[in-house]
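> Structural data only, the sequence is not supplied:
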């Protein structure tokens with residue numbers, strides 16, 4: 001992609017309310033640092049030119065309680081390899097539980113039926129202490145892996161914090177993932193304990209996952225125990241499991257003292273998985289201290305969260321937004337979990353109703369959700385949303401057309417905070433803050449501490465031109481390493497193979513002359529549907545097992561109107577025909593073999609799939625051809641095994657763009 005900024009908008013859509021800015025935590029933070037609390041640009045400049053001063057100020061402002069103090073804020077700025085707050089020992093779980101109200105809600109559990117319950121701060125601490133003691137009795141200690149096959153409920157939060165309190169390493173996957181797909185992630189970690197629920201809710205249906213839990217447990221030979229959670233009320237039948245079985249009720253109701261194991265700043269906290277574009281998903285490892293500081297900065301300063309606030313952000317447990325939802329607790333605010341469809345058939349405005357009922361102050365969603373609300377004429381303002389001051393939106397670029405709709409149907413004073421980040425850093429690279437203007441269709445500014453730029457192919461920063469999103473200086477929440485990558489080769493190849501010593505993220509962006517950021521979509525092959533990153537390899541695996549399918553290719557295409565098209569291209573085996581019956585079989589295979597979220601929008605027959613000369617499917621070039629890129633820009637024909645196929649995909653893209661709206 002080349003050329004000038006395609007969406008120039010010199011006049012802000014909204015400007016900050018001076019009173020709200022003055023009362024915000026980000027302004028207070030800036031004043032304590034000796035800066036003007038209303039000048040975000042100056043604050044950001046300091047945050048990326050004086051990394052040690054800025055991150056030390058974050059440490060002090062949020063009163064990090066270290067068991068042993070740090071010796072040095074930053075040991076070198078090399079990427080990868082920079083080490084932060086050397087010498088410090090601490091524990092993430094301690095910070096998540098220390099500021100919660102004793103009798104007030106720490107977590108509010110909600111679901112698509114509209115029902116819910118509250119977990120007070122004292123109750124949450126007691127449950128974490130109990131589950132931690134259970135895990136400790138099972139032999140779990142620092143560095144051991146505990147995994148969850150769980151929907152977005154308080155059980156997942158309790159399980160994670162219990163594991164983290166012991167210094168164990170956590171990973172979680174939603175139950176809409178098939179056991180085979182979940183085992184492809186968890187099996188790499190060799191976990192010692194699995195925590196799994198009986199099922200989950202979605203669109204008026206209770207999904208029974210008891211057999212899936214048994215299948216997953218059988219696929220994890222390193223398990224010492226499986227903790228069984230009663231969530232949707234399905235009885236667990238008596239049957240042999242490959243390891244000890246512990247009912248959640250027994251694990252979570254003991255009377256135990258809450259304790260925390262101090263661990264080094266860069267001790268592994270969790271493993272989140274890449275989307276698996278090629279081969280097995282990559283396990284991305286983040287540390288206790290890096291996540292703690294990054295999430296306090298993001299939630300405490302950019303989202304202005306603190307005691308008395310409430311956050312409701314629709315997410316699944318395998319999306320990185322779940323990790324941020326949990327980290328709401330770090331600020332002393334209340335977090336809401338939600339089990340179900342974001343827009344259930346019976347009542348598509350359920351999330352707005354719940355936000356009103358529970359006086360939510362930060363409401364988070366995806367562009368597709370907001371666009372869908374507008375398309376189907378749903379008006380959130382029929383509910384009392386006066387408590388909502390921020391609508392966060394992430395997962396893909398939010399088109400300019402959504403901004404007036406949010407203003408008119410949610411509230412004039414609401415800050416619409418479009419955010420772009422990634423699982424890779426479990427946070428945002430760019431977004432908004434109480435002190436930033438908002439331009440429709442744009443992200444207000446790079447986040448504090450993020451030395452963001454758009455690079456041209458030669459590695460030079462460009463303004464008002466499309467380039468690669470890069471980060472030129474280290475962040476505390478950059479991965480410690482990839483799991484099973486002992487020499488760091490895969491890690492370096494993922495982020496540092498294009499620009500030496502500079503993080504290349506894989507997004508096309510424009511940094512505008514007025515300081516905002518426009519995100520144009522992925523420059524790699526990651527699928528990103530409804531805000532959840534999906535793995536093409538998972539889809540290829542199940543589809544290509546069907547005898548009628550010789551080969552398959554799925555891509556995700558961001559469209560100019562803000563839509564997202566995820567077609568599946570199939571090469572048929574000799575004698576097969578792509579009729580409605582086969583399409584239904586393919587959809588069913590993807591739904592049951594991976595997850596309902598992976599089901600493609602269309603299934604199209606093609607004469608062949610283009611590959612590199614070494615046999616790798618050309619996912620990115622096909623995506624770019626479908627978006628209208630010239631064939632010479634999308635791929636080097638000399639590097640393609642069947643270059644004539646490129647024209648076929650270019651014609652498919654042109655035909656789709658010519659369809660009537």
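All right, it came through fine. The structure presented is a predicted model; accordingly, all values stated were derived computationally and were not measured.
> And the residue lying farthest from the centre of the chain, how far from residue 550?
No residue in the chain sits farther from the centre than residue 575, which is 42.0 Å out by CA atoms, centre = their mean. Between residue 575 and residue 550 the computed distance is 11 Å (CB to CB, to the nearest Å). Heads up, the C-betas are built off the backbone N, CA and C, glycines and all.
> Then residue 300?
Separation of residue 300 from residue 550 (CB to CB): 53 Å.
> Could you check which of these two has the larger neighbour count?
residue 300 (23 against 15; other CB atoms under 10 Å).
> That one in helix, strand or coil?
helix (DSSP: H, G, I helix; E, B strand; the rest coil).
> for residue 541, same thing?
helix.
> ok, it - contacts?
Each residue near residue 541 by CB atoms under 8 Å, 6 or more residues apart in numbering is listed here: 593, 594.
> Pull up the gap between residue 455 and residue 51, please.
20 Å.
> Can you pull out the low-pLDDT segments for this structure?
1-9, 275-279, 522, 525-526, 530-535, 613-615, 638-639, 661 (pLDDT under 70).
> Longest helix in it, please.
Criterion DSSP state H: the longest helix present in the chain is helix 121-137.
> and it, how far out from the chain's middle?
Taking CA atoms, centre = their mean, to the nearest Å, one finds the center of helix 121-137 at 26 Å from the center of the full chain.
> what's downstream of it, the next helix or strand?
Using DSSP states H and E, the helix or strand that follows helix 121-137 towards the C-terminus is strand 145-149.
> can you give me the helices for the stretch 201-350 of the chain?
Ranges of helices in the stretch 201-350 of the chain, per DSSP state H, counting those that start in this stretch, are 210-218, 248-252, 288-295, 320-327, 350-357.
> what angle separates the third one from helix 320-327?
An angle of 90 degrees separates the directions of helix 288-295 and helix 320-327 when computed by axes from the mean of the first three to the mean of the last three CA atoms, to 10 degrees.
> Ok, the first one next?
Between the axes of helix 210-218 and helix 320-327, defined by the same axes, to 10 degrees, the angle is 90 degrees.
> Could you list every helix and strand in contact with helix 210-218?
With contacts defined as 3 or more CB pairs under 8 Å, 6 or more residues apart in numbering; DSSP states H and E, helix 210-218 has these neighbours: strand 145-149, helix 179-186, strand 193-197, strand 225-229.
> Mind doing that once more with 7 Å?
helix 179-186, strand 193-197 (3 or more CB pairs under 7 Å, 6 or more residues apart in numbering; DSSP states H and E).
> neighbouring contacts of that helix?
Helix 210-218 is contacted from outside by 149, 175, 179, 182-183, 194, 196, 198, 223, 226, 234, 236, 239, 241-243, using CB atoms under 7 Å, 6 or more residues apart in numbering.
> Pick the one among these closest to residue 11.
Closest to residue 11 out of the contacts of helix 210-218 is residue 175 (46.3 Å), distances taken as CB to CB.
> which SS state does that closest one fall under?
Assignment for residue 175 (three-state DSSP): coil.
> Pop out the phi and psi values for the closest residue to residue 626 other than its chain neighbours.
The shortest distance from residue 626 to any residue other than its chain neighbours is 3.8 Å, reached at residue 653 (CB to CB, 6 or more residues apart in numbering). When read as degrees, to the nearest 10, the backbone of residue 653 gives phi -60, psi -40.
> Now do residue 653: how many residues are near it, please.
Residue 653 has 21 neighbouring residues, counting by other CB under 10 Å.
> Touching, it and residue 625? I think so.
Yes. Assessed by CB atoms under 7 Å, residue 653 is found in contact with residue 625 at 5.6 Å.
> residue boundaries of the strands in the stretch 401-550 of the chain?
415-418, 420-422, 427-431, 445-446, 452-455, 466-471, 481-482, 503-511, 517-522, 527-529, 532-534, 549-554 (DSSP state E, counting those that start in this stretch).
> And for the stretch 551-661 of the chain?
557-558, 564-565, 567-572, 602-605.
> Show me how far the longest one is from its chain's centre.
Chain-centre distance of strand 567-572: 28 Å, with CA atoms, centre = their mean.
> Equivalent analysis for the last one, please.
How far strand 602-605 lies from its chain's middle: 28 Å, per CA atoms, centre = their mean.
> Neighbouring strands - and their directions - for that strand?
Partners of strand 602-605 in the sheet, by DSSP bridges, are strand 567-572 (parallel).
> what's the strand it pairs with in contact with?
By CB under 7 Å, 6+ apart, the residues outside strand 567-572 that reach it are 539, 543, 548-555, 578, 600-606, 608-609.
> Could you list the buried residues of it?
567, 568, 569, 570, 571, 572 (16 or more other CB atoms under 10 Å).
> got it, and stretch 628-635?
629, 631, 634, 635.
> Looking at those residues, spot the one nearest residue 482.
Of the buried residues of stretch 628-635, the one sitting nearest to residue 482 (CB to CB) turns out to be residue 635, at 27.3 Å.
> Residue 646 is in contact with the closest one, correct?
Yes. In this structure, residue 635 is within contact of residue 646 by CB under 7 Å, at 6.1 Å.
> hang on, the earlier thing: reformat the buried residues of strand 567-572 as CSV; add distance to residue 334.
Shown next, in CSV, are the buried residues of strand 567-572 (distance: CB to CB, whole Å):
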residue, distance to residue 334
567, 41
568, 41
569, 45
570, 47
571, 51
572, 53
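> Going by distance to residue 130, which of those residues wins?
Proximity of these to residue 130 was ranked by CB to CB; the top entry is residue 568 with 45.6 Å.
> measure that closest one to residue 583 for me?
Taken as CB to CB, the span from residue 568 to residue 583 is 9 Å.
> quick one: common contacting residues for these two?
In contact with both residue 568 and residue 583: residue 603, using CB under 7 Å, 6+ apart.
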